[in-house]
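# With the sequence up front, the predicted model follows.
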Amino acid sequence: MTQNLLQHLFYLNQTRSDESATLRPLAPLGLKPSQTAMAKRPPRGKCVHCLADNVDRTWDHVFPRSWYPDTTPPNLHKWQIPSCQPCNRDYGRIEEDLLFRLALCVDPHAPATAGIVQKALRSMKPEFAKDERDRAARAARLALLRNELFDGPEIPRSAVYPGLGERWGRPATQGLGVRVPAESLRRLTKKIVRGIFFLEDNAFIEANYLINFYALAEESAEPIKQLLDQFGKEYAREPGIVVRRAVAEDLPMGALFEIDIWGQFKMYASVGPFES
C-alpha cells in the first residue's frame with residue numbers, strides 16, 4: 001500500500017511575489033560561532049515563534065529532529081532556537097503528522113531520505129508501541145491515513161505538490177494520493193524562516209512583518225531563484241535541509257527564502273512589512 005502513496009495533495013494557488021527592494025550580497029556561509037553551542041536550557045525570555053516575552057523557554061529544533069535522515073553525519077550540530085513550551089508542543093504535533101504523510105511521498109532510495117520512510121511506517125505499526133496509549137495512537141494514525149487516501153482518478157493534477165508527484169513513470173490512474181494540510185506546511189515554513197533570522201541575525205520577526213509561503217513549480221520559482229543565485233547565502237544541515245536566503249538592503253527584515261527538504265521538494269517564502 002505505502003509504495004503507491006506517491007501523490008502529495010496540496011490546495012494552494014501557485015503565486016509568486018514581486019520583490020521591489022534592493023538585495024545585497026551576503027557574507028560567506030556559516031552561522032555565528034557563539035550560536036554553535038547551546039546551554040542545557042535557555043533562560044526566561046522571548047519565544048521566537050509567538051513572540052511572548054519573559055516566559056519559560058526550551059530549545060526547539062529549526063529542522064525537526066526526527067526529520068534528519070540516517071545519513072546525517074553524527075557530529076552535525078542541529079539548529080536550535082528558544083521556544084516557549086506551548087509553541088514547542090504545538091510544533092511537535094504538526095511535525096509528527098507531516099512526517100508520516102510526506103515520508104510516503106518521497107523517494108525511499110535517495111540518500112537524503114535514508115530511514116525517513118521507515119520512520120513513517122514504524123509510526124503506524126502497533127508492534128512498535130511502548131504501551132497501550134501508544135498502540136492506540138498508532139492505530140488512529142493508520143486509520144486517519146486510510147481515510148485520507150485518494151485513488152489515482154480522484155487526484156486533481158493541479159493539487160499535486162511540486163516535486164512530490166509520480167516518480168516511476170506509471171499512469172496517474174495507478175497511483176494513490178495522500179492529503180497534506182496546507183496550514184502545516186505554511187507553519188513549518190514560518191518556523192524555519194524565523195529560525196534562520198534568529199540564528200544568523202539574533203533577530204525576531206516582529207508582528208509588523210508578514211511571512212508569506214509559496215508552493216511553486218520550478219518555472220514559477222525562477223525569478224526567486226535568480227535573485228537567490230545572485231544575492232543569497234546558503235545555510236545547510238545536509239542532507240536533510242538546505243536553506244537559501246537573500247536579504248533586502250533597504251527594507252529591514254525583508255528577505256526571500258528557498259527551503260529544500262531532503263532534496264525532494266522546496267518551499268519558498270518572503271518576509272516583508274505587514275499591510276492591513
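Cool, the structure landed. Keep in mind the model is a prediction, meaning the values are calculated, not measured.
# so where is the protein shaky, pLDDT-wise?
Residue ranges of the chain with pLDDT under 70: 1-39, 276.
# what's the distance between the spatially most central residue of it and Cys47?
Nearest to the mean C-alpha position of the chain, counting by CA atoms, centre = their mean, stands Leu188 at 4.6 Å. For Leu188, the distance to Cys47 (CB to CB, to the nearest Å) stands at 17 Å. (Glycine included, C-beta is placed from N, CA and C.)
# Now the helix or strand hosting the residue nearest to the centre of the chain: buried residues?
Using DSSP states H and E, Leu188 sits in helix 182-201. Using 16 or more other CB atoms under 10 Å as the test for burial, helix 182-201 gives 184-200.
# Repeat that for stretch 114-123.
Across stretch 114-123, burial judged by 16+ other CB under 10 Å covers 114-117, 120-121, 123.
# Now distance to Leu104 and secondary structure too, for those residues, in CSV please.
Shown next, in CSV, are the buried residues of stretch 114-123 (distance: CB to CB, whole Å; DSSP: H, G, I helix; E, B strand; the rest coil):
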residue, distance to Leu104, secondary structure
Ala114, 15, coil
Gly115, 14, coil
Ile116, 10, helix
Val117, 7, helix
Ala120, 6, helix
Leu121, 8, helix
Ser123, 11, coil
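# Relative to Leu144, which of these is nearest.
The closest of those to Leu144 turns out to be Ser123 (CB to CB; 11.4 Å).
# doesn't Arg101 make contact with that closest one?
No: the criterion here is CB atoms under 8 Å, and Ser123 misses it with Arg101 at 10.6 Å.
# related to what we said a few turns ago, which elements pack onto the helix holding Leu188?
Judged by 3 or more CB pairs under 8 Å, 6 or more residues apart in numbering; DSSP states H and E, helix 182-201 is in contact with strand 80-84, helix 85-102, strand 209-214, strand 233-237, strand 241-247, strand 255-261, strand 265-273.
# mind redoing it with 6 Å?
For helix 182-201, the packing partners by 3 or more CB pairs under 6 Å, 6 or more residues apart in numbering; DSSP states H and E come out as helix 85-102, strand 209-214, strand 265-273.
# Tell me which residues are up against the longest one.
Judged by CB atoms under 6 Å, 6 or more residues apart in numbering, the contacts made with helix 85-102 from elsewhere in the structure are 47, 49-50, 58, 60, 64, 120, 123, 178, 180, 184, 187.
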